[in-house]
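Enquirer: dropping the sequence and predicted coords here.
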Amino acid sequence: MEQPSSSTLLAQEQTKHLQKSLGRMDILLLVVAAVVSIEVLGQVSGFGGETFTWTLVLAVTFMIPYGLIFAETGGTFTEEGGVYVWTKMAFGRVVAAIAALFTWVTQPVWVGGAMAFVAVETWSEYVSPINAGGTGDYLFKIAFIWITVSSAIISLKHGKWLPSLGAILKIVFLAFFLVVTAIYGFTNGFNGLNLAFFSPTMAGFLGVTPLLLFSFLGFESGNSAAGEMKNPAKDVPISIARTSVLAAASYLLPILAILLVVPLDEITGIGGLFGAVATVYGIFGSAAEMMLAISAVVFCFVLVSQGAAWMIISDRMQAMAAADGSFFGGFFGRFHPKLGTPIRINTLSGVVATIFMLAAMQMTGSNSALFGVVLTISISTFLLSYLIAIPAVVRLRTKYPSVERPFKVPVSDTGFKILGGICFAWIAIGSWVAVFPGTLENLFGIEYDFEGVWGLSQTAFATFALGTLGSILVLGIVGYIFGKKVRDQKHEDPTATELPALDVGAMNGLHAAASATALHGILAEDIEPATNGASTPTAERVAEKQL
């Protein structure tokens with residue numbers, strides 16, 4: 001029987017090309033660049049004051065337990081591939097292949113079908129006009145996609161600087177926006193908000209939950225490149241803790257700022273944030289237009305860096321899945337021997353993003369409507385992957401209790417399961433609402449104008465959404481079938497020694513003893529580079545022994 005935690009020979013070969021270039025600050029900036037999604041601020045703020053309320057509720061009831069369980073797992077199981085490896089160790093290779101595919105495909109879909117649209121709309125409005133649907137529109141979006149791909153192709157040592165700079169600019173942009181908003185409010189006054197404005201409703205809960213969950217997920221994503229981290233066992237838990245705090249502040253404060261200065265009926269998915277920016281920049285007088293143009297350029301750069309961060313992270317996970325025989329015949333599982341990057345899967349991501357962008361461009365409706373639909377499809381694939389990943393990390397706690405955990409959540413195994421169960425319940429609700437919007441509203445007797453919300457018919461939405469999900473499943477099944485030849489390769493454990501098999505007692509004299517000592521020295525020398533820098537080198541070996 002195949003051991004689900006064992007790696008194929010191809011996967012072992014590819015790990016030799018990994019270059020350890022991520023320190024603690026690199027991990028923090030990479031995750032901030034990927035996870036803090038400022039482009040959704042306008043979309044979520046469209047639900048009014050209760051957006052702030054539900055954001056606060058999820059920050060406490062979801063983000064905290066989610067951060068804890070993944071901080072423990074990410075600091076313990078530090079192999080390249082992250083969620084794919086964890087799911088394989090918990091449930092086997094087939095389930096891991098599905099989880100990895102849904103996680104990976106979210107990113108090119110998001111980059112090509114949503115982020116590129118936000119960028120071109122922002123650029124056209126505040127920097128230089130671009131005719132929607134024209135040649136310039138297509139070229140801008142294609143360039144956007146392939147810049148993100150290129151940053152993932154170059155070596156991580158150099159490629160990490162794009163998302164790192166983007167993360168810094170993202171925080172600076174939000175901080176500057178908050179300061180200017182405060183000045184504007186004290187000078188011109190804020191929208192009249194009262195406690196009733198923030199009252200939560202069931203309709204708001206169902207509408208905003210998928211968006212907020214999508215925004216909060218991904219803190220463990222850096223583990224996809226854990227094999228390239230200098231000290232993942234210590235750095236991952238700390239990075240997750242710090243990113244969680246930054247993310248909560250980066251959503252709560254700007255959402256509140258948008259609600260304070262922009263009329264609710266003027267907030268849209270694309271223009272909500274910059275509508276608020278344009279309003280508060282009025283304090284700059286004649287320089288407001290120039291400040292808006294500069295901010296728009298910075299915003300577009302932040303979007304590029306965010307796409308680059310996700311390409312860097314998710315492509316590595318899918319490449320390791322391919323090298324492990326879970327995604328086609330190993331073709332996409334090869335890392336460049338000099339760059340240490342999965343160029344083939346990077347290119348595939350670019351192709352998928354481009355195809356999805358072209359498909360979205362053919363839909364009728366405004367860019368805002370398209371943005372909402374593509375956003376929901378991205379949310380659905382991402383959330384569905386966590387319906388597998390969360391049970392996997394919970395099972396790892398009890399399945400491999402002997403593995404050393406540099407950070408361990410101070411609760412019992414039952415308590416850990418409860419934390420996982422809370423997260424799973426949130427994800428289940430968000431997944432259903434994302435895939436089947438309007439159904440729970442009808443169940444609770446809440447009026448729901450589908451075309452008014454989405455800008456297209458429910459039939460068109462369902463065709464686009466379910467067609468996308470069905471295509472992904474078919475891709476996964478076909479990819480797994482074609483990976484059989486890779487899985488059938490003889491497994492060799494590069495960390496295993498042959499000393500137990502030596503019959504030292506049958507050797508005669510000093511010659512035999514010297515030979516055994518020399519062999520032990522050679523084997524130890526071979527082992528040292530494989531474990532150098534790994535804080536928990538026994539994690540997967542313990543798993544293999546227990547299977």
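Expert: That came in fine, so what should we check first? Residues are numbered from 1 along each chain as shown.
Enquirer: all helices in the stretch 401-547 of the chain, in order from the N-terminus.
Expert: 413-435, 439-443, 450-454, 458-481, 484-487, 509-531, 539-546 (DSSP state H, counting those that start in this stretch).
Enquirer: so which residue is dead centre in the protein?
Expert: Nearest to the centroid of the C-alpha atoms of the chain, with distances taken as CA atoms, centre = their mean, sits residue 218, at 4.1 Å.
Enquirer: surely that residue is in contact with residue 32?
Expert: No: applying CB atoms under 8 Å as the test, residue 218 and residue 32 come out as separate, 10.3 Å apart. Just so you know, the C-beta spots here come from the backbone N, C-alpha and C atoms, and that holds for glycine as well.
Enquirer: still on that earlier bit, between the helices of the stretch 401-547 of the chain, which has the poorest mean confidence score?
Expert: Of all the helices of the stretch 401-547 of the chain, the minimum mean pLDDT falls on helix 509-531 (a mean of 41).
Enquirer: for the record, mean pLDDT for the longest helix seen in the chain?
Expert: Ranked by residue count, the top helix of the chain under DSSP state H comes out as helix 288-323. Averaging pLDDT along helix 288-323 yields 94.
Enquirer: list the buried residues for the next helix or strand after that helix?
Expert: Beyond helix 288-323 in the direction of the C-terminus, DSSP states H and E gives the next helix or strand as helix 343-361. The neighbour-count check on helix 343-361 (16 or more other CB atoms under 10 Å) flags 343-350, 352-354, 356-357, 359-361 as buried.
Enquirer: format the CA atom coordinates belonging to helix 343-361 as CSV.
Expert: Extracted C-alpha coordinates of helix 343-361, given in CSV (Å, rounded to 0.1, in the frame of the first residue of the first chain):
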residue,chain,number,x,y,z
ILE,A,343,9.0,27.9,-14.4
ARG,A,344,6.6,25.4,-16.0
ILE,A,345,3.8,25.8,-13.5
ASN,A,346,4.5,29.6,-13.4
THR,A,347,3.9,29.7,-17.2
LEU,A,348,0.7,27.6,-16.8
SER,A,349,-0.6,30.1,-14.2
GLY,A,350,0.0,32.9,-16.7
VAL,A,351,-1.9,31.0,-19.4
VAL,A,352,-4.8,30.2,-17.0
ALA,A,353,-5.0,33.8,-15.9
THR,A,354,-5.0,35.1,-19.5
ILE,A,355,-7.7,32.6,-20.5
PHE,A,356,-9.9,33.6,-17.6
MET,A,357,-9.4,37.3,-18.3
LEU,A,358,-10.4,36.8,-21.9
ALA,A,359,-13.5,34.8,-20.8
ALA,A,360,-14.5,37.4,-18.3
MET,A,361,-14.1,40.1,-20.9
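Enquirer: between the helix or strand just after that helix and helix 413-435, how many degrees?
Expert: Next helix or strand after helix 343-361 toward the C-terminus (DSSP H and E): helix 367-399. Per axes from the mean of the first three to the mean of the last three CA atoms, to 10 degrees, the angle that helix 367-399 makes with helix 413-435 is 160 degrees.
Enquirer: which residues are common contacts for residue 218 and residue 32?
Expert: By CB atoms under 8 Å, 6 or more residues apart in numbering, residue 218 and residue 32 have no common neighbours.
Enquirer: rewinding a little: looking at the buried residues of helix 343-361, which is nearest residue 15?
Expert: residue 345 (15.3 Å; CB to CB).
Enquirer: contacting residues around the closest one?
Expert: 315, 318, 319, 322, 332, 333.
Enquirer: which one of those residues is nearest residue 438?
Expert: residue 318 (32.2 Å).
Enquirer: please tell me how far the nearest residue to that closest one once chain neighbours are set aside sits from residue 310.
Expert: Nearest non-adjacent residue to residue 318, counting by CB to CB, 6 or more residues apart in numbering: residue 104, 3.9 Å away. For residue 104, the distance to residue 310 (CB to CB, to the nearest Å) stands at 9 Å.
Enquirer: over to residue 72?
Expert: For residue 72, the distance to residue 310 - CB to CB - is 24 Å.
Enquirer: how close does the residue nearest to residue 348 when sequence neighbours are not counted sit to residue 316?
Expert: Closest residue to residue 348 apart from its sequence neighbours, by CB to CB, 6+ apart: residue 332 at 6.2 Å. Distance of residue 332 to residue 316, given as CB to CB: 12 Å.
Enquirer: over to residue 65?
Expert: Counting by CB to CB - residue 65 and residue 316 are separated by 26 Å.
Enquirer: could you do residue 208 as well?
Expert: From residue 208 across to residue 316, the span is 31 Å (CB to CB).
Enquirer: who has more neighbours out of those two?
Expert: Taking other CB atoms under 10 Å, residue 208 and residue 316 do not tie; residue 316 has more neighbours (31 against 26).
Enquirer: what residues are up against the more buried one?
Expert: Neighbours of residue 316 in contact, by CB under 8 Å, 6+ apart: 80, 81, 224, 225, 342.
Enquirer: and for the third one, the neighbour number?
Expert: Same thing as residue 224. So residue 224, with other CB under 10 Å, has 27 neighbours.
Enquirer: would you agree it is in contact with residue 80?
Expert: Yes: using CB under 8 Å, residue 224 is in contact with residue 80, at 7.4 Å.
Enquirer: confidence-wise, which helix or strand of the chain is lowest on average?
Expert: The least trusted helix or strand in the chain, going by mean pLDDT, DSSP states H and E, turns out to be helix 509-531, with a mean of 41.
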